[in-house]
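Novice: Here is a sequence together with a model predicted from it:
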Amino acid sequence: MKTATTLEAAEPATGAHQRPPRRVPQDLLSRAPQDLLRRVARRWGPAAGEVAVATATALGFTVWGLSIANSPVTRVGQVSGLSTLQLRFAVVVLVVLAVVGWVTVRATDRVKQITNRLAAAAVAGLGTGFIGAGQIFALRGTPWPLNGPYGDNNRILGWAEEVLHTGAMDAFYPPAVPYTIGYLAKAGLFDGEPALAFKWVFIAIVALTGPAAYLLWRMCLKPLPALALGLLPALQQTLPHKPYSPFVLVLLLPLIAKLLLWLRASPRFSTRGTVLRGGFLGLLFGLLFLVYSGWHLWSLPGVIVAVLFFYPWRTGPLRGLVLLGSALGGFLLVAGVYLRVLLGATSTRDQWCSGYTLTEPAYIGTTPLSSRAWDEPGEYPGFGEFSGLHMYAVIVLIGLGFAVALGLRKAVVVAPLACFGSAWLIRFWLAGHMEADQQVQLFPRTMIQIQVTLTALTVLACVLAAQRLAPLVKRLRAEEKPGQAPPQRFTAVGVLLAMALAGGMIGSFFSNQYLPTHPDEKLAGTLAWQAHQFRKPDGSCPKYADKGKCKPFPTRTVAENFTEVDRMVCEYPWRKATREGWIVLDLMTRP
């Protein structure tokens, strides 16, 4: 019967009661494409505008840093350069706020919504665009990247050289960055020199971190909450010398949240829609995995628990399985080859010791890169203000509690919560086996994930609290002035102002941290100082080379291999020992 009904609905009726075919006016046919385009533009136009504005402001402000004419190596020049960036930043922000304020008073609701979306995108771009401009200022006069050919750069440039000459690299390191730099050089860009591409690729990643995080959170949240949730964690963990690592982390959280949202809603999707949604997320997960894979591995146990929590066991288990299967298929399509290489490298031992390795394992405060005391006697990081905890730890613990209390059933809360819990447990498990296994296994990097997720949960606590208080405030206003129209609320202006000031202040802090300083000062500025000490491709020294002298940049960088030792001993820098078999490596640089 169902088949007959379907056929009857599909085939035209015949017989005496057949109706004549309906004529469609020609003008209606001619208007159909225009109506379709109008509907598409109305729905997707603002989203495309957000993408364009966020990207343009980030890259535009970064490139604007090329016009800073101050010296990046003298303290007076550094302060003058940062002040110039702050003034430019403030002028652009004031223009954005003026437009939003005028629209709030004068425009229609739809114009207000579109303006707020574009303004939030602009502030997201400016936040990390400031740090990009700061990096251009720090490297003014030199074509080389932060830290030159030292540290992790040595390996990445070595692999990029392999890609340049052979088209491939033989390593289990995430391939996206070495392949990008190698193929840019292979295409004849940057004079065919991977190190020249290195500098600009990293600056671009720094600048685009804020826009990318904002745009992915926009898949889950409205513009203003997405701005706060995307920008603040992205600014908190800025590593200009390795920007691809925090870039992946801040993008992974909204992707996990969207996976949980679509998983819960999958029974309402068609089969085709479910496959497309899952495949889309899988492709994004795979692309991020190729850039940096550590966050995926440390988040996986918690994400599995979250998936079980959000799985539609009663309403549509088969549809949920289709979504997860298509996501896995999309991931393997992009990252399957590299995943197999990574799984085959499980015997590789990580014995890298640093200030992070020696830090008390439950500590979540400031990092050695943001402290002047990392190379001074005394256990890092010292005591905090509240029972050993720094105020940052106290604030995020309060935020964690409120986020769980107000939104435990929400995907946007469960996603960072799952990643936090997973990294928290894995950190202790890896660190607990460090002495017995004689390897570090990168466990200190879990602190970055812990900080980013706790910051995200604190922001979410504020958002959820504001949502709970909004009806109460509205009711109180109605009781105070019955019969009168509610006054204009400049919520968007306030949030945008706060986020912009945070972006400018934090951006200035990190830019200042990476301005060139002599290695004797033991600061992150050593990385920029190293970039000024190598000859340019034309043979001349960079303008700000130390005492006008420089050395040749290695013509053929080879990926450095570290020799394993039987007995790994990590010590604080002031306890350096030279006995055979000890690994004592500087936190910042290694020639």
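Specialist: Thanks, I have the structure now.
Novice: With only the CA atoms kept, save stretch 68-75 in PDB.
Specialist: What follows is stretch 68-75 as a C-alpha-only set of coordinates in PDB (Å, rounded to 0.1, in the frame of the first residue of the first chain):
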ATOM      1  CA  ILE A  68      56.500  51.200  12.300                       C
ATOM      2  CA  ALA A  69      59.900  53.000  12.000                       C
ATOM      3  CA  ASN A  70      61.200  52.700  15.500                       C
ATOM      4  CA  SER A  71      64.100  50.500  16.600                       C
ATOM      5  CA  PRO A  72      63.000  47.100  18.000                       C
ATOM      6  CA  VAL A  73      66.300  46.600  20.000                       C
ATOM      7  CA  THR A  74      66.500  49.700  22.100                       C
ATOM      8  CA  ARG A  75      64.000  50.100  25.000                       C
END
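Novice: In that stretch, which residues are buried?
Specialist: 68, 70, 71, 72, 73 (16 or more other C-beta atoms under 10 Å). Where C-beta positions appear, they are placed from N, C-alpha and C, glycine not excepted.
Novice: Could you list the residues in contact with it?
Specialist: Contacts of stretch 68-75 with the rest of the structure, by C-beta atoms under 8 Å, 6 or more residues apart in numbering, involve 77-78, 80-81, 84-85, 133, 136-141, 515-516, 528-529, 532, 544.
Novice: mind redoing it with 6 Å?
Specialist: Stretch 68-75 is contacted by residues 77, 80, 81, 84, 137, 138, 140, 515, 516, 544 when judged by C-beta atoms under 6 Å, 6 or more residues apart in numbering.
Novice: just stretch 306-323 next, same as before
Specialist: For stretch 306-323, contacts defined as C-beta under 6 Å, 6+ apart pick out 260, 263, 264, 266, 267, 274, 278, 414, 418.
Novice: Start and end of that stretch, how far apart?
Specialist: Length of stretch 306-323, first residue to last, C-alpha to C-alpha, to the nearest Å: 15 Å.
Novice: what does stretch 507-525 give?
Specialist: Here the two ends of stretch 507-525 are set 15 Å apart, with distance taken as C-alpha to C-alpha.
Novice: which residues of the stretch 351-500 of the chain fall in strands?
Specialist: For the stretch 351-500 of the chain, applying DSSP state E, counting those that start in this stretch gives no strands.
Novice: can you list the weak-confidence ranges in it?
Specialist: 355, 367-384, 477-488 (pLDDT under 70).
Novice: related to what we said a few turns ago, which of the contacts of stretch 68-75 are buried? Put it as a PyMOL command.
Specialist: Here is the PyMOL command that selects the buried residues among the contacts of stretch 68-75 (16+ other C-beta under 10 Å):
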select buried, resi 77+81+84+137+138+140+515+516+544
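Novice: mind listing what's buried in the helix or strand in which residue 99 is found?
Specialist: Using DSSP states H and E, residue 99 maps to helix 75-106. The neighbour-count check on helix 75-106 (16+ other C-beta under 10 Å) flags 77-78, 81-82, 84-86, 88-89, 92-93, 96-97, 100, 103-104 as buried.
Novice: pLDDT on the helix or strand hosting residue 302, on average?
Specialist: Element membership for residue 302 (DSSP H and E) is helix 294-310. Mean pLDDT, computed over helix 294-310, is 94.
Novice: Whichever helix or strand comes after it: how far from the chain's middle?
Specialist: Using DSSP H and E, the helix or strand that directly follows helix 294-310 along the chain is helix 317-343. Relative to the centre of its chain, helix 317-343 is centred 22 Å away, using C-alpha atoms, centre = their mean, to the nearest Å.
Novice: burial measure for the closest residue to residue 89 other than its chain neighbours, as a count.
Specialist: Excluding its sequence neighbours, the residue lying closest to residue 89 (C-beta to C-beta, 6 or more residues apart in numbering) is residue 504, at 5.0 Å. Burial of residue 504, expressed as a neighbour count using other C-beta atoms under 10 Å, amounts to 18.
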